[in-house]
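Student: With the input below, show me the fold.
(one chain, ligands or ions: 1)
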Amino acid sequence: MITIFGSGIIGLFIARKLLLNGKKVKIIDLDNNRGNSTDASVGMLAPLIEARPYENNLFNLMIESKKIWDKFLKNKSFIKNTGLKNNSSLMIATNKDEEESILFKKKFVEKLGFFPEILSAKQTIKIEPHLNSNLKCSLFFKKNNQINAHLLKRYLIKDVKKMGADFLFFDQINKISFSSQEIRFNNKKISSEKIIVACGVWSNELLKKSFKVLFPMRPLKGVSMLFKTKKRLFINNIWYRNIYIAPRDNNFLAVGATEDEKGFESFVTLDEIFTLCNSLWEYLPEIEKLQFINTFVGLRSVLSDGNPVIGSLKKNNDIICAFGHFRHGILLAPITAKIVSDIVLDYKINENLTFFSPNRFNL
Ligand SMILES: Cc1cc2nc3c(=O)[nH]c(=O)nc-3n(C[C@H](O)[C@H](O)[C@H](O)COP(=O)(O)OP(=O)(O)OC[C@H]3O[C@@H](n4cnc5c(N)ncnc54)[C@H](O)[C@@H]3O)c2cc1C
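Tutor: All right, here's what the predicted structure looks like:
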């Protein structure tokens, strides 16, 4: 039996991978814990757009995970149940500065071995006629697609339950102890070979209280919104300077996202709604035609070096960490699950992937 703390996208993907590899799995989470990152996610699977200078290891991890996502595109039932789209991403420039910035981006990803295409304003409007005509040009990232994270989570919960996963929920879990393959917490004992800590930004709290380990990690609050339109506006994901838009089935549009240092605040404030609406209005002036559906708040878990933590604790190899996925947790979930499952099954890990081990913090 393997026990996973946290049933966000990372915990669920790991559970699925372990079950497929013949392991028994117990998943533990909290009742009514507000602000999980997965529910706020827009679900972009766009490694080329997310690529940043000096982040080669992270970029390679994103590319490896994207390869796994692309295999899911062959599974019709997965697509139907999760809203996985086989679309692409358009990064739009509306002025000279943004044009410079996308030219820089093009050169940068070319150095990484990928060749996105610059489209003129006319070419861009031809493929996305509902875009505001004030644009200058765009950069077309083929197959940088997206998935509906809400549907994905629902699908994975159903799938892992079908494969025999057991879910347990608690009001609170303050501290756990783990020795001789037994976990103790809240007057409960669970036999378990290993523990996986996949509690997103709350992983630190659990690790600190239970095992006196504290990572240099902080929450970064994000708000996203959901709208509906009368007719379908876009085919591709649209990326502007400060917002991005993901077209979903049935004319829904997911729009993301704010990034604010507000600690563990987990409610939506009016300035966050204003920021998103104001940016949207700049690019889609007919804002009055958008039907507001919902807002979502999520706390991204961010390590001091911006990379996730995936691997065993030095203190106890049977405690495996899988958190700190910042802006990329949906994209990185499949490769995270593969690494964790390889560790559990004692398979050799590709050396490039050991870069993300907790040992880099020497805790
Ligand atoms: C607004 C926004 C937009 C985003 N857009 C994208 C995107 O387009 N593409 C992308 O790849 N990523 C995106 N992300 C990032 C992505 O959502 C996260 O990286 C990912 O969801 C992290 O998943 P997780 O399972 O680690 O954490 P979470 O989803 O936060 O889940 C953690 C779970 O742990 C549980 N938990 C907490 N404490 C305990 C405890 N003590 N015991 C047991 N369980 C506990 C929580 O209740 C929760 O269910 C976005 C994030 C935000 C906020």
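
Student: wouldn't residue 344 be in contact with residue 192 here?
Tutor: No: because the distance of 11.2 Å does not satisfy C-beta atoms under 8 Å, residue 344 is recorded as not touching residue 192. Every C-beta, even on glycine, is put in place using the N, C-alpha and C of the backbone.

Student: Can you work out which residues contact both of the two?
Tutor: Here residue 344 and residue 192 have residue 2 as joint contacts, going by C-beta atoms under 8 Å, 6 or more residues apart in numbering.

Student: Using PDB, list the CA coordinates for stretch 297-312.
Tutor: This file holds the C-alpha atoms of stretch 297-312, laid out as PDB (Å, rounded to 0.1, in the frame of the first residue of the first chain):
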ATOM      1  CA  VAL A 297      -8.900  31.200  -6.600                       C
ATOM      2  CA  GLY A 298      -5.800  29.000  -6.300                       C
ATOM      3  CA  LEU A 299      -2.500  29.100  -4.400                       C
ATOM      4  CA  ARG A 300       0.400  28.100  -6.600                       C
ATOM      5  CA  SER A 301       3.300  26.500  -4.700                       C
ATOM      6  CA  VAL A 302       6.600  28.200  -5.600                       C
ATOM      7  CA  LEU A 303      10.100  27.100  -4.600                       C
ATOM      8  CA  SER A 304      12.900  29.600  -4.300                       C
ATOM      9  CA  ASP A 305      14.400  28.300  -7.500                       C
ATOM     10  CA  GLY A 306      11.100  28.100  -9.400                       C
ATOM     11  CA  ASN A 307      11.400  24.300  -9.900                       C
ATOM     12  CA  PRO A 308       9.200  21.600  -8.500                       C
ATOM     13  CA  VAL A 309      10.400  19.100  -5.800                       C
ATOM     14  CA  ILE A 310      10.100  15.500  -7.000                       C
ATOM     15  CA  GLY A 311      11.900  12.800  -5.200                       C
ATOM     16  CA  SER A 312      12.700  11.100  -1.800                       C
END
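
Student: distance between it and the chain's centre?
Tutor: In terms of C-alpha atoms, centre = their mean, to the nearest Å, the centre of stretch 297-312 is found 11 Å from the chain centre.

Student: buried residues in that stretch?
Tutor: 297-303, 307-312 (16 or more other C-beta atoms under 10 Å).

Student: same question, stretch 151-166
Tutor: Neighbour count says stretch 151-166 has 151, 152, 153, 155, 156, 157, 159, 160, 165 buried, by 16+ other C-beta under 10 Å.

Student: which residues does the second one contact?
Tutor: Counting by C-beta under 8 Å, 6+ apart, residue 152 touches 9, 43, 82, 83, 84, 330.

Student: With secondary structure as added columns, please give those residues in TSV.
Tutor: Output for the contacts of residue 152, formatted as TSV (DSSP: H, G, I helix; E, B strand; the rest coil):
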residue	secondary structure
9	helix
43	coil
82	helix
83	coil
84	coil
330	helix
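
Student: Up against the ligand, what does this protein have?
Tutor: 5-11, 28-30, 33, 36-38, 40-44, 173, 198-200, 202, 206, 222, 224, 256-257, 298, 300, 323, 325, 327-331 (C-beta under 6 Å from any ligand atom).

Student: List of residues touching stretch 157-167?
Tutor: Residues beyond stretch 157-167 that count as contacts (C-beta under 8 Å, 6+ apart) turn out to be 7, 12, 15, 16, 19, 20, 24, 25, 26, 27, 28, 29.

Student: swap in stretch 222-231?
Tutor: By C-beta under 8 Å, 6+ apart, stretch 222-231 touches 37, 40-42, 250-260, 268, 272-273, 276-277, 289-300.

Student: Could you turn the buried ones of the residues you listed into a PyMOL selection?
Tutor: Selection of buried members from the contacts of stretch 222-231 for PyMOL, criterion 16+ other C-beta under 10 Å:
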select buried, resi 37+40+41+42+252+253+254+255+256+257+258+268+272+276+277+290+295+296+297+298+299+300
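
Student: Which ones among the contacts of stretch 222-231 lie within helices?
Tutor: 37, 40, 272, 273, 276, 277 (DSSP state H).

Student: nearest spatial neighbour of the residue in the stretch 51-200 of the chain that the ligand sits nearest to, skipping sequence neighbours?
Tutor: Nearest residue of the stretch 51-200 of the chain to the ligand, counting by C-beta to the nearest ligand atom: residue 200, 2.8 Å away. Nearest residue to residue 200 in three dimensions, chain neighbours excluded: residue 301, at 4.8 Å (C-beta to C-beta, 6 or more residues apart in numbering).

Student: wait, the one you found sits on residue 322?
Tutor: No: Residue 301 is not in contact with residue 322 according to C-beta under 8 Å; the separation is 10.6 Å.
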